[in-house]
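**Student:** Compute the structure for the input listed below.
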Amino acid sequence: MVREAMELAIKPAVSAAPAKGLQITDKALSKVRTAMAKEGVSSDQGGLRLGVQGGGCSGLSYNIRFDTQPRERDRVFQFDDVRVFVDPKSFIYLHGMVLDYQETLMQQGFVFVNPNSSKSCGCGSSFSG
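**Tutor:** The predicted structure follows:
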């Protein structure tokens with residue numbers, strides 16, 4: 001099952017058209033909860049930070065980590081008890097994305113299913129927009 005988030009308004013966003021949000025699968029949400037508990041990240045203040053940075057074999061790479069609180073201009077999405085923080089520049093590349101978690105014989109980890117990616121590399125952590 002894929003869950004859609006409700007975006008929390010920290011500050012009013014100025015945009016001409018409503019932006020698509022993020023989605024997260026139940027399996028990914030479960031893994032995020034487990035990892036947050038293991039890392040001691042409080043769901044009251046902290047959350048998962050998703051981002052994009054320059055680099056990787058296709059030009060851009062995904063960044064995923066925990067953060068203690070959102071930054072001033074972040075978009076904050078709520079999935080039950082888990083918050084996801086995305087900075088404005090990364091949101092350009094991540095809107096409409098689904099965060100999934102897959103376990104196969106060869107690998108296990110988070111998978112970004114991103115409709116904004118025009119090309120990705122074999123490792124799955126790099127893409128071009």
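
**Student:** Just to confirm, what's the three-state secondary structure of the closest residue to residue 45 other than its chain neighbours?
**Tutor:** What sits nearest to residue 45 in space, not counting adjacent residues and going by Cβ to Cβ, 6 or more residues apart in numbering, is residue 69, at 5.1 Å. Where you see a C-beta, it was placed from the backbone N, CA and C, and this is true even at glycine. Counting by DSSP: H, G, I helix; E, B strand; the rest coil, the backbone at residue 69 sits in coil.

**Student:** tally of neighbours for residue 27?
**Tutor:** Residue 27 has 15 neighbouring residues, counting by other Cβ atoms under 10 Å.

**Student:** following the strand or helix carrying it, which helix or strand comes up?
**Tutor:** Secondary structure from DSSP states H and E places residue 27 in helix 26-39. Heading C-terminal from helix 26-39, the first helix or strand you meet, by DSSP H and E, is strand 47-54.

**Student:** tell me what that next one is packed against?
**Tutor:** The contact analysis (3 or more Cβ pairs under 8 Å, 6 or more residues apart in numbering; DSSP states H and E) places strand 47-54 against strand 60-67, strand 82-86, helix 88-94.

**Student:** any idea of the angle that strand forms with strand 82-86?
**Tutor:** Strand 47-54 runs at 20 degrees relative to strand 82-86, counting by axes from the mean of the first three to the mean of the last three Cα atoms, to 10 degrees.

**Student:** what's the burial count for residue 44?
**Tutor:** Residue 44 - counted by other Cβ under 10 Å - has 9 other residues nearby.

**Student:** Would you mind measuring from it to residue 103?
**Tutor:** Using Cβ to Cβ, to the nearest Å, we find residue 44 at a distance of 29 Å from residue 103.
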